[in-house]
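Trainee: No letters, just coordinates:
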């Protein structure tokens with residue numbers, strides 16, 4: 001399988017460790033019987049919980065699917081937002097979110113390559129989608145509607161309006177990674193991935209990478225960063 005990649009819709013390293021522990025917590029329940037862990041050259045059991053069985057993984061998929069389906073059965077209009085940097089809102093049946101709504105598809109690489117499964121490969125599982133009601137979507141400070149499924153909301157592009165001040169790109173730190181970044185006039189640029197400051201003979205070079213683009217400057221450029229608790 002491919003190397004673990006912390007893409008915007010993939011599980012981070014910490015998330016996959018938590019997922020392994022979550023699957024292991026269900027071991028011995030009425031859904032998944034207790035079993036003796038087997039030696040596996042691809043799975044270092046000294047560093048992780050024992051490798052989940054296929055039955056345990058399928059039980060986890062069923063739990064995740066039930067969590068999604070329960071929102072769809074709620075009787076309310078619901079919309080999906082994936083972890084793609086920009087808050088792009090989709091209808092539940094949109095092809096662009098099928099890989100996160102259908103949890104079997106989200107886990108497909110793990111199911112297809114179980115025999116050679118390594119802990120890092122669980123990082124290829126797609127994150128659970130954010131499922132929001134209409135009032136919850138409209139309460140967001142900014143969002144963009146999908147141009148393919150065109151959900152009927154109050155805005156096609158709701159501009160950023162967080163009451164926070166802009167900051168210099170050179171002030172970006174590790175605690176800003178993953179937050180949405182905006183221009184001072186409200187244009188969303190994606191979620192912050194990294195910032196690099198390079199000192200050269202001709203001066204400072206500032207490189208800001210988001211999930212959507214790479215922005216370069218001399219460090220004096222300013223951006224607005226969404227609060228930590230923003231969706």
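Mentor: Looks like it arrived, so ask away. Worth saying up front: this structure is predicted, and the values here are computed from it rather than measured.
Trainee: Could you give the average pLDDT over whichever helix in the chain runs longest?
Mentor: Longest helix in the chain by number of residues (criterion: DSSP state H): helix 54-72. Helix 54-72 shows an average pLDDT of 90 in the prediction.
Trainee: which strands and helices sit next to the helix or strand following it?
Mentor: Counting by DSSP states H and E, the next helix or strand C-terminal to helix 54-72 is strand 78-81. Counting contacts by 3 or more Cβ pairs under 8 Å, 6 or more residues apart in numbering; DSSP states H and E, strand 78-81 packs against strand 88-90, strand 130-133, helix 134-138. In this view, the C-beta of every residue, glycine as well, is placed from N, C-alpha and C.
Trainee: Please look at residue 77 and residue 131 and confirm they touch.
Mentor: No. Taking contacts as Cβ atoms under 8 Å, residue 77 lies outside contact range of residue 131: 11.1 Å.
Trainee: Those two: which is more packed in?
Mentor: residue 131 (18 against 15; other Cβ atoms under 10 Å).
Trainee: domain assignment for the chain?
Mentor: Domain ranges of the chain: 13-158, 167-225, per automatic domain parsing.
Trainee: just the helices in this structure please.
Mentor: With DSSP H, the ranges of helices along the chain come out as 13-25, 54-72, 98-101, 103-106, 108-112, 134-138.
Trainee: would a markdown table of the ones you listed with distance to residue 165 and mean neighbour count be doable?
Mentor: Shown next, in a markdown table, are those (distance: least, Cβ to Cβ, whole Å; neighbours: other Cβ atoms under 10 Å):
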| stretch | distance to residue 165 | mean neighbour count |
| --- | --- | --- |
| helix 13-25 | 30 | 15 |
| helix 54-72 | 36 | 15 |
| helix 98-101 | 34 | 19 |
| helix 103-106 | 38 | 18 |
| helix 108-112 | 42 | 15 |
| helix 134-138 | 25 | 15 |
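Trainee: Ok, which of those comes nearest residue 203?
Mentor: For the helices of the chain, the distance to residue 203 is smallest for helix 13-25, at 35.4 Å, taking Cβ to Cβ.
Trainee: coming back round to it: with mean pLDDT and distance to residue 221 as added columns, please give the helices and strands packed on strand 78-81 in a markdown table.
Mentor: Listed next are the helices and strands packed on strand 78-81 as a markdown table, based on pLDDT from 0 to 100; distance: least, Cβ to Cβ, whole Å:
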| stretch | mean pLDDT | distance to residue 221 |
| --- | --- | --- |
| strand 88-90 | 85 | 25 |
| strand 130-133 | 87 | 30 |
| helix 134-138 | 85 | 31 |
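Trainee: Out of these, the one nearest residue 207 is which?
Mentor: The nearest among the helices and strands packed on strand 78-81, by Cβ to Cβ, is strand 88-90 at 24.9 Å.
Trainee: so how far is the closest one off the chain centroid?
Mentor: Relative to its parent chain, strand 88-90 has a centroid offset of 14 Å by Cα atoms, centre = their mean, to the nearest Å.
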